[in-house]
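>>> can't give you the sequence, but here's the structure:
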């Protein structure tokens, strides 16, 4: 009895903070999303009306919502596999017995992860500047004409994806490295005796053994990438032609530029439902693969 | 015969990848010491022709960088201290103290990890507005005071504290508070360092929430101020690079000093409970 009291007392402050500043707002967001809460309701709560699913239906009819959803999916579908591939490649390099100065390289690869998104986005905006950016200068050496990286609707999202991969690959690399180190050496030994070369060792030993780690990394990266916001906010302001405006960017503008907090909550919930669906699909897929 | 070639390829790739990772940061540093307008030449200069601290001086004297730096330090330090206290107490409770509903509550917390923080932002803004905390430091600090990830991290580590140690102290008549401060906290020291770095970095680098809750310029943190500066000074690349240096250097330095703890925490936090 006394022990139980002590437990609750120790857990209470954190639980209280999380309940008041996270759980309560999440439930309230669901309620808010079925109202027309706008700048008039912000001034006087009596202007608030219940609108049932109108916000959701309105969004599904809104071309801008579909545009931002398409942009976000583009970022996730291209960015996540690319990110994971680079992370895995870097981890394999660091794990290789042939490499030197591994501590230094690990730190170098990881450094972008701890930097501030806004600050490094400012650097990249300059690196990819059309007229005096270092990237176009480099390309001019191999005879490629200047590309308007962040001003061309076709190039803006790929540029942001490359930026995100650069910024984030170190994180998953560390997780992969730990996974690689836990694969027993005799498995490789056995594969070598069976005559498997490096590629087949990777394909038939490394990848299957990394399965659970891959799933974890996939889910973490996917949910992180769905929350794209600061990168386009700084690098392109959602442009050009709204080609980099993400779902969260739409939520931010709806909520805190136009003060349509009801509609913004509906946007947030739609994104949440989509993320939950993709996560479940990945877990279902992984279980099926594992059962085979 | 094949070995030297493979060695060259592996090391070559390592060097190339390291260059790609670090070069943008080094160039930022270099450009931040250039004269105004020097970086808008083509081809872009790699090193400043006459290094100057002019940009830094400009930032602190005219753009109020000192104020933003102070704001960032204040908010991040408060978040770190509060998160340390709250998450450690809760993490320890979930690992070592038996109480009714413990497992259920913990499962609920873990399940809630899938909810993106942005879902809560609109009502949270209204709630803080009611409490008079919009446009105050407290408004930026409050949501980071306790995190599910932090509780999880401490719990994972605290499970390794032997029960006999705690029982012995109880038999000796020590109260739960004394046990926590005299036995548990010292045993948790490594994970406290880890948790402190995570909290500090997360608070320092956070962008969306401070952008929403701190519209008053005098209260803005570095990322928010830098984003709005970069919209005003689109052409002043040298100035903006100096701003990025000021923003990045503190967290990069913290990471370099405490790297081992950070990576340990990253691995502990990503292992499924």
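That came through, no problem. Note that the structure is predicted; figures quoted are calculated from it, not measured.

>>> so what's residue A:108 up against?
The contact partners of residue A:108, by C-beta atoms under 8 Å, 6 or more residues apart in numbering or on different chains, come to B:18, B:21-22. (C-beta placed from N, C-alpha, C; glycine too.)

>>> Give me the buried entries from the residues you listed.
The neighbour count (16 or more other C-beta atoms under 10 Å in any protein chain shown) marks B:18, B:21 as buried among the contacts of residue A:108.

>>> ok, so of the contacts of residue A:108, who is nearest residue A:77?
residue B:21 (24.4 Å; C-beta to C-beta).

>>> So residue A:275 versus residue B:111, what's the distance?
To residue B:111, residue A:275 is 14 Å away according to C-beta to C-beta, to the nearest Å.

>>> who has more neighbours, the two?
Taking other C-beta atoms under 10 Å in any protein chain shown, residue A:275 and residue B:111 do not tie; residue A:275 has more neighbours (21 against 10).

>>> which parts of stretch A:84-100 are buried?
For stretch A:84-100, the neighbour count (16+ other C-beta under 10 Å) marks A:84, A:86-88, A:90-96, A:99 as buried.

>>> pLDDT, distance to chain B and secondary structure for those residues - can I get that in CSV?
Listed next are these as CSV, based on pLDDT from 0 to 100; distance: C-beta to the nearest C-beta, whole Å; DSSP: H, G, I helix; E, B strand; the rest coil:
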residue, pLDDT, distance to chain B, secondary structure
A:84, 97, 14, helix
A:86, 97, 8, helix
A:87, 97, 11, helix
A:88, 97, 13, helix
A:90, 97, 6, helix
A:91, 96, 11, helix
A:92, 95, 9, helix
A:93, 95, 5, helix
A:94, 95, 8, helix
A:95, 93, 10, helix
A:96, 90, 5, coil
A:99, 88, 5, coil
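
>>> And those, which two are furthest apart?
The largest separation in these, counting by C-beta to C-beta, is between A:84 and A:99 at 20.7 Å.

>>> Which pLDDT value belongs to residue B:1?
If you check residue B:1, the pLDDT there is 44.

>>> I misspoke; the intended subject was residue B:270.
For residue B:270, the model assigns a pLDDT of 70.

>>> Then residue A:1?
So, for residue A:1, pLDDT stands at 48.

>>> now swap in the one 3 residues further on and tell me
Reported pLDDT at residue A:4 in the predicted model: 78.

>>> from what I can see it touches residue B:101, true?
No. With contact defined as C-beta atoms under 8 Å, residue A:4 does not reach residue B:101; the gap is 9.1 Å.

>>> wait, what's in contact with residue B:25?
Neighbouring residues of residue B:25 by C-beta under 8 Å, 6+ apart: A:111-112, A:115, A:120, A:123, B:248, B:252.

>>> Contacts only, for residue 68.
All of this is about chain A. Residue A:68 is in contact with A:242, A:245-247, A:249-250, counting by C-beta under 8 Å, 6+ apart.

>>> you looked at the wrong chain, it should be chain B
B:220-222, B:225-226.

>>> just checking, it is part of a helix?
Yes. Counting by DSSP: H, G, I helix; E, B strand; the rest coil, one finds residue B:68 located in a helix.

>>> I'd like the distance between it and residue B:131.
Look at residue B:68 and residue B:131: by C-beta to C-beta, they are 25 Å apart.

>>> ditto for residue B:97
31 Å.

>>> The two - which one has more neighbours?
Applying other C-beta under 10 Å to residue B:97 and residue B:131 shows that residue B:97 carries more neighbours, namely 23 against 13.

>>> what sits against the nearest residue to the more buried one once chain neighbours are set aside?
Excluding its sequence neighbours, the residue lying closest to residue B:97 (C-beta to C-beta, 6 or more residues apart in numbering or on different chains) is residue A:7, at 3.6 Å. Counting by C-beta under 8 Å, 6+ apart, residue A:7 touches B:93, B:97-99, B:102.

>>> 6 Å - rerun?
Applying C-beta atoms under 6 Å, 6 or more residues apart in numbering or on different chains to residue A:7 gives the contacts B:93, B:97, B:99.

>>> Surely the last one and residue A:10 touch.
No. Residue B:99 is not in contact with residue A:10 according to C-beta atoms under 6 Å; the separation is 8.7 Å.

>>> Between these two, tell me which one has more neighbours.
It is residue A:10, of residue B:99 and residue A:10, that has more neighbours when counted by other C-beta under 10 Å, with 25 against 17.

>>> Helix or strand: which one has the more buried one?
Assessed by DSSP states H and E, residue A:10 sits inside helix A:2-18.

>>> buried set for that helix?
Quick answer for helix A:2-18 (16+ other C-beta under 10 Å): A:6-8, A:10-11, A:13-15, A:17-18.

>>> any chance of these in JSON lines, plus distance to residue A:79?
As requested, the buried residues of helix A:2-18 are exported to JSON lines (distance: C-beta to C-beta, whole Å):
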{"residue": "A:6", "distance to residue A:79": "46"}
{"residue": "A:7", "distance to residue A:79": "42"}
{"residue": "A:8", "distance to residue A:79": "43"}
{"residue": "A:10", "distance to residue A:79": "41"}
{"residue": "A:11", "distance to residue A:79": "38"}
{"residue": "A:13", "distance to residue A:79": "38"}
{"residue": "A:14", "distance to residue A:79": "33"}
{"residue": "A:15", "distance to residue A:79": "35"}
{"residue": "A:17", "distance to residue A:79": "33"}
{"residue": "A:18", "distance to residue A:79": "30"}
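
>>> which regions of the stretch 1-150 of chain A sit below the pLDDT cut-off?
The stretch 1-150 of chain A contains residues with pLDDT under 70 at A:1-3.

>>> can you do 80?
A:1-4 (pLDDT under 80).

>>> and it, which of its residues are near chain B?
Within the stretch 1-150 of chain A, the positions adjacent to chain B are A:3-4, A:6-8, A:10-11, A:13-14, A:17-18, A:21-22, A:25-26, A:28-29, A:32, A:93, A:96, A:98-100, A:105, A:108-109, A:112, A:114-116, A:118-119, A:122-123, A:126, A:132, A:134, A:137 by C-beta under 6 Å from any C-beta of the partner chain.

>>> low-scoring stretches of the stretch 101-250 of chain B, by residue?
Residues of the stretch 101-250 of chain B that meet the criterion pLDDT under 80 lie in B:234-235.

>>> Residue numbers of it in contact with chain A?
Residues of the stretch 101-250 of chain B that fall close to chain A, judged by C-beta under 6 Å from any C-beta: B:115-116, B:118-120, B:122-124, B:142-143, B:145-146, B:151, B:176, B:201, B:205, B:207-208, B:212, B:223, B:226-227, B:230, B:237, B:240, B:244, B:247-248.

>>> quick one: which of those sit in helices?
Mapping these onto helices (DSSP state H) picks out B:122-124, B:151, B:176, B:201, B:205, B:208, B:212, B:223, B:226-227, B:230, B:237, B:240, B:244, B:247-248.

>>> Run through the residues that contact residue B:155.
Applying C-beta under 6 Å, 6+ apart to residue B:155 gives the contacts B:91, B:94-95.

>>> helix or strand for it, which one?
Element membership for residue B:155 (DSSP H and E) is helix B:148-158.

>>> Could you check how far residue B:41 is from chain A?
Distance, residue B:41 to chain A, using C-beta to the nearest C-beta, to the nearest Å: 6 Å.

>>> Just give me the neighbour total for that residue.
12.

>>> where does it land on pLDDT?
pLDDT for residue B:41: 81.

>>> With residue A:198 instead?
We note a pLDDT of 86 for residue A:198 in this prediction.

>>> same thing with the one 3 residues further on?
pLDDT, residue A:201: 90.
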